[in-house]
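Trainee: Dropping a prediction and its sequence here:
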Amino acid sequence: MESIVKYLNCGIISFRRDVVDLHVHKFSQITENIIPFFKKYPILGVKRENFEDFCKVAELIKEKAHLTEAGLEQISKIKDGMNSHREGGSA
């Protein structure tokens, strides 16, 4: 994980029991480091669809849509369709 933090030039590692987490708190690091990495090296399977939704939300935030009720509703709708809530998927 330390190599990933170094390669991406962002993030903080935390440990909980037998799990290691990578946290990225700065929005600029998400848009400038994380998203471009996964666009260059695409995620496979249903997680790819979740990533695409994640990118949509990041773009809405970048456009400051999250500051409006309509924008928050749009983000919430995208979130509600991700991961285990995705139609036909379980991840």
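Mentor: That came in fine, so what should we check first?

Trainee: On the C-terminal side of the helix ranked longest in the chain, identify the next helix or strand.
Mentor: Here the longest helix in the chain is taken by residue count, with DSSP state H as the criterion, and it is helix 46-62. Moving toward the C-terminus from helix 46-62, the first helix or strand encountered (DSSP states H and E) is helix 69-80.

Trainee: and the angle from that following helix to helix 46-62?
Mentor: Counting by axes from the mean of the first three to the mean of the last three C-alpha atoms, to 10 degrees, helix 69-80 points 170 degrees away from the direction of helix 46-62.

Trainee: helices and strands around helix 69-80, which ones?
Mentor: The contact analysis (3 or more C-beta pairs under 8 Å, 6 or more residues apart in numbering; DSSP states H and E) places helix 69-80 against helix 46-62. C-beta coordinates here come from the backbone N, C-alpha and C atoms, glycine included.

Trainee: and the helix it packs on, what does it pack onto?
Mentor: Using 3+ C-beta pairs under 8 Å, 6+ apart as the contact criterion, the neighbours of helix 46-62 among helices and strands are helix 27-29, helix 35-40, helix 69-80.
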